[in-house]
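1. Structure for the following, please:
(one chain, ligands or ions: 1)
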Amino acid sequence: MAGRTDPGSDPREPAAPGFALPPDAPEPLGNGPGGYGRRVLRERTPTLITEVRDRHPYGPGQRRALDALREEIASGAMRPLGEGAPDRARWDRWGAAYFGRPWADVPFLWWESYFYRRLLEAVEFFTPGPWFWVDPFEYWKTAELRDATVAVPAHRRPAADERQALLLASLWGNQADLGFLFGAAGGPAASGGLVADDGALVWSALDAGGPDHVAVVADNAGRELLADLLLIDHLLHTGLAARVTLHLKPHPYYVSDATTADLVACLRHLAAADGEAAAVERRLSETIGTGRLRLRAHAFFCAPWSYHHMPADLAEEFGGRTLTIMKGDLNYRRLVGDLAWPPTTPFAEVTAYFPGPVAALRTLKSDVVTGVDAATLSSLDASGGDWRTSGTHGLIQARVST
Ligand SMILES: O=P(O)(O)OC[C@@]1(O)O[C@H](CO)[C@@H](O)[C@@H]1O
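-> Residues are numbered from 1 along each chain as shown. Have a look, this model is predicted:
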C-alpha cells in the first residue's frame, strides 16, 4: 500500500434487506454476438486506450501498462489489480469469479466498470507522483465545455412549459456523452423522440408539497451537467425543492462522468457566460455555501454493481428523498439491473426495490430497456433503426409511490 492512496472505502457493504433481484429475473447482459457489450469490448475500449495514450506525454511505464491492458482485453485473461493497489483486496473479492477468465466471459456491467479502474491504474492516477489525480479524460471534457452554449430560459413562457423544457434539456443533455467519440458509430445524429414519458408523474411528485429534498444522480460533465444545473437551480429557486443533493463521481469514470472538478468547471463556464447564466452560477454557488445544494461523491458510484447492491448509507439517503432523479444510461443500467428484461416489463415493477421515489432521465445507449408499451415497441422495432443503442431516443420514467 505504501505510496498509493485509496480511491474510497468499501462501497459495498451488505445490501439492505429486500433489495435482491426476484428469482425469475433474466440473465445479465453479456458480450455475445449482436449485443452492445461486444461492440464496446471490441471497438470502443481499445480505441479509448489508444486515444488516452496518444493525447498525453506518458512515460514508458504508463505506455507499457496501457498497451498491456489493450492486449489483455483483446486476447488475454482478466488480471487483478497490481500488488500495490490500495483497493486490491476489495476488487479481489468482487472479481474472484471473473479473474483468470477472458474479458468477453464477464458480464458487461462488471467488466466495463473494472476497465475504468484498470485504466486509472495504468496511467498512475492514484499513485502519488507526477500523474497523481491527473484526469485522463480532461482533454475531451475541456474541449466539449469550451464549445457549450448555455440556454437559460427567458421566463417568457408559461411556467409549466418552462419547467418541462428544463426537464427535457436535462434528458437530452445525456446525448453529450464523450464515450461516443470512441465508437465506430459516432454520436447520435438526431433526436427520435421519447419511448416512454412519465414527465407528468415527475412533476406530480415534486408538486405534492412538503419539505422536498430532491436527489440528482449526475451522469456526464459538460453540456449534460450544465443542463442539470439549470434544472436544479429552477427547483431551488422556485421552492419546488427545499434542498437538493447532487451526486457526483469520486474520480474519473466512463470517460465523461462528472466529478467535483467538472462541476467547478461548469460553474465557471456559467459565470463567464452572458446575462442570466451568471446569475444562475451565483445562486448555485450561494446555495452550495448554505448547504441547500449539497454535493456527495460516494464510492459506490464507481463500483461494478447495480443499485440492488447499494450500501446501507446510500439506501438510507435515497429512502429519505422526495424524488431521486437518475441521469443517463449507466445509472439506468444499474437501476433496473443490466439484465435482458423483456422491454414491456413495467418500470415500476423492476424498480420496486428502490428505497424511495425514483425517476430516470436517459437517452438509450445500451441494450437494456423496460416500460415500453407493446404498440410503441413494435413500431420502434419495425423502424429498423438502432433505437436501443444509438442515443437518438430518450425516456422519462418514474415510480413515485413506495
Ligand atoms: O451513462 P451514459 O453516459 O449515458 O452512457 C454510458 C455509455 O456510453 O457507456 C456504455 C458504453 O461504454 C453504455 O452503457 C452507455 O451508452
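
2. so where does the residue of the chain found nearest the ligand fall, helix or strand?
-> Residue of the chain nearest the ligand, by C-beta to the nearest ligand atom: K365 (2.7 Å). C-beta coordinates here come from the backbone N, C-alpha and C atoms, glycine included. Under the criterion DSSP states H and E, no helix or strand holds K365.

3. which SS state does the nearest residue to T324 once chain neighbours are set aside fall under?
-> Closest residue to T324 apart from its sequence neighbours, by C-beta to C-beta, 6 or more residues apart in numbering: A215 at 4.2 Å. What DSSP: H, G, I helix; E, B strand; the rest coil gives for A215 is strand.

4. related to what we said a few turns ago, if I pick the nearest residue to the residue of the chain closest to the ligand once chain neighbours are set aside, what's in contact with it?
-> Leaving aside its sequence neighbours, K365 sits nearest to D329 (C-beta to C-beta, 6+ apart; 4.2 Å). D329 makes contact with N174, D177, D219, R362, T363, L364, K365, S366, according to C-beta atoms under 8 Å, 6 or more residues apart in numbering.

5. Using PDB, list the CA coordinates for the helix or strand that contains D329.
-> Assigned by DSSP H and E, D329 falls within helix 328-336. What follows is helix 328-336, C-alpha atoms only, in PDB (Å, rounded to 0.1, in the frame of the first residue of the first chain):
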ATOM      1  CA  GLY A 328     -28.100   8.700 -18.100                       C
ATOM      2  CA  ASP A 329     -27.600   5.300 -19.500                       C
ATOM      3  CA  LEU A 330     -25.300   3.700 -16.900                       C
ATOM      4  CA  ASN A 331     -27.400   4.800 -14.000                       C
ATOM      5  CA  TYR A 332     -30.400   3.300 -15.800                       C
ATOM      6  CA  ARG A 333     -28.500   0.000 -16.300                       C
ATOM      7  CA  ARG A 334     -27.600   0.000 -12.600                       C
ATOM      8  CA  LEU A 335     -31.200   0.900 -11.500                       C
ATOM      9  CA  VAL A 336     -33.000  -1.800 -13.400                       C
END
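
6. Now do the helix or strand of the chain with the lowest mean pLDDT: everything it contacts.
-> Within the chain, no helix or strand scores below helix 159-172, which has a mean of 89 by mean pLDDT, DSSP states H and E. The contact list for helix 159-172 (C-beta under 8 Å, 6+ apart) reads 151, 153, 155, 157, 191, 199, 202-203, 224, 227-228, 230-231, 234, 238, 240, 327, 361-363, 394, 396.
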